[in-house]
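Asker: how would this look folded up:
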Amino acid sequence: MCSCAYVITDASTMSDEVTFDYVKSLENDKNVLLIDVREPSELEKTGRIPGSINIPLATLEDTLQNWSEEDFREKFQREKPNSETAMVFSCHMGRRSQAALDAAKKMGFIHAKHFPGGWAGWEQETKNAS
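Answerer: Below you'll find the predicted structure:
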């Protein structure tokens, strides 16, 4: 569990949430940045949603605000997001992605959303589809 300084608020609305089907459609969509905010050790154990990059919640603010475009591109093979970039946050079950969404909104990312189902929801939906 993350011991981060972010506090989960009720600031988001249903329009800030995306569905499994929407997230599934993002696998090859380079116009939306899908960010998994779990710790790398969690991803090693479970895997990740296809097309996502990993920026742990504890480093999210620093990464989005302070990294150079070059460093971001080198690490993630994606363009560094700006305030207009569409992005979706995910985690294990939705709590940290909600915190990431709240933090992103405070940083000025107006097109940020989160996937409340997280990895647990993703895994369940993909098993049901099999």
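Asker: tell me the contacts of the nearest residue to Phe20 once chain neighbours are set aside?
Answerer: Nearest residue to Phe20 in three dimensions, chain neighbours excluded: Glu125, at 4.5 Å (Cβ to Cβ, 6 or more residues apart in numbering). In short, each C-beta sits where N, CA and C put it, glycine included. Counting by Cβ atoms under 8 Å, 6 or more residues apart in numbering, Glu125 touches 20, 24, 117.
Asker: can you pick the most crowded of those?
Answerer: Neighbour counts for the contacts of Glu125 (other Cβ atoms under 10 Å) peak at Gly117, which has 21 neighbours.
Asker: In this model Phe20 seems to touch it, though I could be wrong.
Answerer: Yes - proximity of Gly117 to Phe20 meets the contact threshold set by Cβ atoms under 8 Å, at 5.9 Å.
Asker: could I have stretch 114-128 exported to CSV, CA atoms only?
Answerer: Taking C-alpha atoms only, stretch 114-128 is exported to CSV below (Å, rounded to 0.1, in the frame of the first residue of the first chain):
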residue,chain,number,x,y,z
HIS,A,114,-9.5,7.5,-13.9
PHE,A,115,-10.5,3.9,-14.3
PRO,A,116,-12.1,3.0,-10.9
GLY,A,117,-12.0,-0.8,-11.7
GLY,A,118,-8.2,-0.8,-11.7
TRP,A,119,-6.2,-3.9,-12.3
ALA,A,120,-8.7,-6.0,-10.4
GLY,A,121,-11.5,-4.9,-12.6
TRP,A,122,-9.4,-5.3,-15.7
GLU,A,123,-8.4,-8.8,-14.8
GLN,A,124,-12.0,-9.9,-14.0
GLU,A,125,-13.4,-8.4,-17.2
THR,A,126,-10.7,-10.1,-19.3
LYS,A,127,-11.3,-13.5,-17.6
ASN,A,128,-15.0,-13.1,-18.2
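Asker: Sounds good, over and out.
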